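**Q** A structural model of the following input is requested.
(one chain, ligands or ions: 2)
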Amino acid sequence: MSAPRRFTGDTLVIASHNKGKVREIADLLGPYVATFTAAGELGLPEPEETGTTFIANAELKAKAAAAAGHVALADDSGLVVPALNGDPGIYSARWAGPAKDFAMAMRKVEDGLAGKADRSAYFVCALSLAWPDGHVETVEGRCHGTLVWPPRGPHGFGYDPMFLPDAHELTFGEMDPARKHEMSHRADAFRQLVERCFR
Ligand SMILES: O=P(O)(O)OP(=O)(O)OP(=O)(O)OC[C@H]1O[C@@H](n2cnc3c(O)ncnc32)[C@H](O)[C@@H]1O
Ligand SMILES: [Mg+2]
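**A** Numbering: from 1, shown residues only. Ligands and ions are numbered 1, 2, ... in the order given. Take a look at the predicted model:
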């Protein structure tokens with residue numbers, strides 16, 4: 001296996017159009033990168049997510065943004081529910097529809113769980129760092145928990161209000177962002193990426 005490539009520039013493009021994610025990525029990488037620009041601010045389009053895995057979609061989004069000339073970081077993430085055969089999984093954003101209605105998406109998850117004993121779930125986050133020459137470095141992080149109903153808490157984004165991480169009493173929606181960053185799937189992936197590319 002070849003040695004990982006390190007990030008040596010000072011500007012990083014965050015190849016995401018999700019404000020919640022962009023905020024979390026900037027928090028998590030803040031100590032290592034001088035300047036961030038979000039793909040939306042550069043007018044980069046949102047590529048179609050045609051991959052069948054989190055990793056494939058993270059790589060496709062990072063490569064599409066890096067082709068514009070700067071090192072780019074993409075995140076493909078989602079909520080995997082074993083009792084729903086892994087749904088919504090890579091379709092987590094699509095379950096909320098064009099209006100990004102996560103109250104509706106969470107209800108759809110809850111409806112699917114009706115009568116099922118297994119309420120376990122985990123979040124996955126694949127992070128891919130791509131260079132304009134096509135090189136990519138990719139990692140994947142996870143966070144395990146259970147799903148609660150009704151959803152609780154004003155913080156975070158997406159499915160956070162119904163996700164209770166293992167061994168905790170507050171949902172991601174109830175936790176301060178700093179607490180979520182101690183245990184989230186995104187934090188797990190970032191620990192690996194920082195080790196590979198940013199230290
Ligand atoms: O593709 P980009 O532009 O980055 O933005 P997106 O929102 O479409 O992102 P994804 O395709 O990766 O879809 C992931 C969805 O999974 C959900 N998700 C991911 N991480 C989450 C987290 O930390 N908390 C709650 N929901 C999360 C959230 O609803 C996201 O919209
Ligand atoms: Mg997306």
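**Q** how many other residues sit next to Trp180?
**A** Just to correct that, residue 180 is Lys rather than Trp. Counted with other C-beta atoms under 10 Å, the neighbours of Lys180 add up to 25. C-beta: built from backbone N, CA, C; applies to glycine.
**Q** dump the residue contacts of the residue lying closest to it once chain neighbours are set aside.
**A** Distance criterion C-beta to C-beta, 6 or more residues apart in numbering; nearest residue to Lys180, sequence neighbours excluded, is Phe172 at 5.3 Å. Phe172 is in contact with 153, 155-156, 160-161, 163, 165, 180, 184, counting by C-beta atoms under 8 Å, 6 or more residues apart in numbering.
**Q** Quick check: phi and psi on the residue minimising distance to the centre of the chain?
**A** Geometric centre of the chain, nearest residue: Ser77, 3.7 Å, by C-alpha atoms, centre = their mean. The phi and psi torsions at Ser77 (degrees, to the nearest 10) take the values phi -140, psi 170.
**Q** residue boundaries of the helices in the chain?
**A** Taking DSSP state H, the helices of the chain run over residues 19-29, 54-66, 102-113, 177-183, 185-193.
**Q** what sits against the closest residue to ligand 1 within the chain?
**A** Ligand 1 sits closest to Gly158 of the chain, with a gap of 2.4 Å, by C-beta to the nearest ligand atom. Each residue near Gly158 by C-beta under 8 Å, 6+ apart is listed here: 20, 79, 92-93, 96, 102, 105.
**Q** which bits of this structure sit near ligand 1?
**A** 16-18, 21, 46, 49, 61, 75-78, 92-93, 123, 156-160, 172, 184, 186 (C-beta under 6 Å from any ligand atom).
**Q** For stretch 3-16, which outside residues touch it?
**A** 21-22, 25-26, 29, 32-39, 42, 44, 61-62, 64-66, 68, 70-75, 129-131, 135, 137, 196-198.
**Q** From those residues, list just the buried residues.
**A** Using 16 or more other C-beta atoms under 10 Å as the burial test, the contacts of stretch 3-16 include 21-22, 25, 29, 33, 36-39, 44, 61-62, 64-66, 70-75, 129-131, 137, 196-198 as buried.
**Q** Surely Asn57 is in contact with Leu127?
**A** No - with contact defined as C-beta atoms under 8 Å, Asn57 and Leu127 do not form a contacting pair (11.4 Å).
**Q** of those two, who's got more company?
**A** Per other C-beta under 10 Å, whichever of Asn57 and Leu127 has more neighbours is Leu127, with 30 against 23.
**Q** Show me the beta-bridge partners of that one.
**A** Assessed by DSSP bridges, Leu127 has beta-bridge partners Asp75, Val139.
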